[in-house]
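Chemist: sequence first, predicted model second:
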Amino acid sequence: MNSNVDALIDALPRLWDGIVVTILLTLGGAALAMVFSVVLGLASGNRHAYVRMPARVVVEFFRGTSLLVQLFWLFYVLPLLGFQLEPMFCGILALGLNYGAYGAEVVRGAVSAVPRPQTEAAIALNFTPWQRMHRVVFPQAWAQMIPPLTNLLIQLLKGSALASFILLQDLTYQIEQLRRGTGDTIFSFGVGLVLYFVIAYILTLIMNLLEARAKGRLGIGPSMKDVLRLRPEKTDESVGVGR
């Protein structure tokens, strides 16, 4: 056991480098996925078939094919066709396209769930289509999107482990190196479980704060100030009980 701890201490700098690569993949992939989600989600719900149908084809293609196969195509097949991508860019692109396709369905569903009278009221106020989407529809849809998008973000984090197949020394790669150094599979992958859990938990907390902020701005949930308050605000009922 002591030898495992010593090996872990020696491997900490490499593990940190792997964590940084994993976080960069996750944040880069999430940013790209969010752009694709919004663009494809809004296009998928468009009333014009010439806009809606191509978006649906793209969404179904990337949802219906394996992330690993997409990653291999971008990294190993494209060079055969004359296109060479850097490993980091390749990983971010694959994650963004794959999870962006799933996110597009979240966006489409959330926008469709906004009550029709909200849009009709914006039309009555002579809002332009952009103003209706930006000021009325999207803020309400955004609050509904965040929980499923949080799930997709955690799935994206776990999907980033496939980057080790394209020569990126991410956290999974460094954990495998630790296993080879110690010869202890349980210990090494136990460390990996803990590290992935910590990263996922931090991302979940951040997304929960975003959800609280979005709902607080709509007046349907606690504000960010209430969420971050160290002590709960006293209500009239609690004051009465104290007496």
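Modeler: That came in fine, so what should we check first?

Chemist: CA atoms for contacts and neighbours, from now on please.
Modeler: OK.

Chemist: need the contact list for the residue nearest to residue 185 when sequence neighbours are not counted.
Modeler: Leaving aside its sequence neighbours, residue 185 sits nearest to residue 179 (Cα to Cα, 6 or more residues apart in numbering; 5.6 Å). The contact partners of residue 179, taken as Cα atoms under 8 Å, 6 or more residues apart in numbering, are 185, 187-189.

Chemist: can I get the residues you listed in CSV with neighbour count and secondary structure?
Modeler: Below are the contacts of residue 179 laid out as CSV (neighbours: other Cα atoms under 10 Å; DSSP: H, G, I helix; E, B strand; the rest coil):
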residue, neighbour count, secondary structure
185, 14, helix
187, 18, helix
188, 22, helix
189, 16, helix
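
Chemist: just to revisit the earlier point, element containing the residue nearest to residue 185?
Modeler: Using DSSP states H and E, residue 179 sits in helix 171-182.

Chemist: kindly report the same for residue 196.
Modeler: Here residue 196 is assigned to helix 185-218, by DSSP H and E.

Chemist: got phi/psi on the nearest residue to residue 42 once chain neighbours are set aside?
Modeler: Spatial nearest neighbour of residue 42, excluding adjacent residues (Cα to Cα, 6+ apart): residue 108 at 6.0 Å. Main-chain dihedrals, residue 108, degrees, to the nearest 10: phi -60, psi -40.

Chemist: the chain: helices as residue ranges?
Modeler: With DSSP state H as the criterion, the chain has helices at 2-44, 49-64, 67-72, 87-113, 116-124, 129-131, 138-159, 171-182, 185-218, 224-228, 236-242.
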